[in-house]
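> predicted model, plus sequence, below.
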Amino acid sequence: MEGNLLNLSGEYFYSIAAIFSCAAYLLRSILWLRIFLVCAAITYIVSGVSLGISSMIGWNAAYLAINLFHITLLLLDKITINLPDETKKIYHRYFSTLSTREFKKLITSNGFCIFQDKNIIDESEVPDRLFIVLRGTVNIVKNDVTIATLKAGDFIGEMSFLSKERATANAYAENFVQCAYWTHDDLEKLRLKNLKAYEKFIAIIGCDLVRKLNYHNERQLDLTTKLDYVV
C-alpha cells in the first residue's frame, strides 16, 4: 500500500515537473525560462526519489546546477555596478541600452590607448581598429581644415572601419587623448559570445553615425542659407 502511495506521489510530482518544463518554453524571458526549468528540475528530483529512479535524480541534479549557474550570470548582468567617473557620463549619454556590466566589459576588454598631438587615423588609411574617445578632443581634418570635433563618447572612423574602406579625412588628437578600441576580431568574438550585447553595440554605432550625418546636414543647410542671404 505504501509503495503504491509513493508511486502515485512520484507520478504526481512528475506531472507537475512536466508542466513547469512546458511552461518554461512558452516564456520569452531567458531569466524566467531558466527559473521555471529550475522548478522543473527540483520537482523531477522529488519525483525520482518517490519512484526510486536514480537516473532521474542524477540527470536533473545536473540540469539544476547548470540552470542555477546561468541564472546567477543573468542576475549579475542586471545588477548596476559602479563605473569610473570618466566613463559614467559616456554610459548615460550613449550606452544606456547596455547594462553597466556589459558596458564595462566592452570598454575595458582591450585596455586603453593614448594619443598626443598626432593622427589617430590617417586619410586614405583603412582603419583596422574602431576607436571611441574617452578623454580629450579629436579634430577631423580635411585639406588642413577642421570639419568636425569629436569629444568623449564619440566613435572615430566607424564608417571606414565597418565598410573596410579608406578614411576620407585625418583624425588628429589635440593634446592628450585617451581612447578605447576594438578590432574586427573583437567584434566577432563579442557576436559569438553575447549576441544580444553585440546587436546593442552595433545599434549604438549606427546611432552615432546618424547623429554625425544629421550634424553634417545641418551645417551644410546653414552654409547654404547664409550663401543665399549673401546673394
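Received it, and whenever you're ready, just let me know what you need.
> residue ranges for the helices of this structure, please.
According to DSSP state H, the chain carries its helices in the segments 2-24, 30-51, 54-78, 85-94, 100-108, 158-163, 184-193, 195-230.
> can you tell which of these is closest to Arg129?
Closest approach to Arg129 among those (CB to CB): helix 158-163, 7.2 Å. Backbone N, C-alpha and C define where each C-beta goes, glycine included.
> which strands and helices sit next to that closest one?
strand 129-142, helix 195-230 (3 or more CB pairs under 8 Å, 6 or more residues apart in numbering; DSSP states H and E).
> and those, which one is worst for confidence?
Among these, helix 195-230 has the lowest mean pLDDT, at a mean of 72.
> so where's the protein uncertain?
Applying pLDDT under 70 to the chain flags the ranges 1-8, 10, 77, 79-86, 215-231.
> gap between Leu209 and Ala203?
Distance, Leu209 to Ala203, by CB to CB, to the nearest Å: 11 Å.
> over to Leu51?
According to CB to CB, Leu51 stands 50 Å off from Ala203.
> I'd say Lys164 and Asp128 touch.
No: contact between Lys164 and Asp128 fails when scored by CB atoms under 8 Å: they sit 9.0 Å apart.
> need the contact list for the residue nearest to the spatial centre of the chain.
Against the mean C-alpha coordinate of the chain, by CA atoms, centre = their mean, the closest residue is Ala197 at 2.5 Å. Shown in contact with Ala197 (CB atoms under 8 Å, 6 or more residues apart in numbering): Leu98, Glu102, Leu106, Leu190.
> format these as a markdown table; extra columns: neighbour count and distance to Ile35.
Converted to a markdown table, the contacts of Ala197 look like this (neighbours: other CB atoms under 10 Å; distance: CB to CB, whole Å):
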| residue | neighbour count | distance to Ile35 |
| --- | --- | --- |
| Leu98 | 20 | 23 |
| Glu102 | 18 | 21 |
| Leu106 | 22 | 27 |
| Leu190 | 20 | 26 |
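> between those residues, which is nearest Leu213?
Lowest distance from Leu213 to those (CB to CB) belongs to Leu98, with 22.8 Å.
> would you map out the domains in this structure?
By the assignment in automatic domain parsing, the chain contains the domains 2-78, 85-230.
> look at Leu209 and Ala203 and report which has more neighbours.
Leu209 (14 against 11; other CB atoms under 10 Å).
> who touches Thr43 in this structure?
Neighbours of Thr43 in contact, by CB under 8 Å, 6+ apart: Phe13, Tyr14, Ile16, Ala17, Phe20.
> redo that, cut-off 6 Å
Contact analysis of Thr43 by CB atoms under 6 Å, 6 or more residues apart in numbering lists Phe13, Ile16, Ala17.
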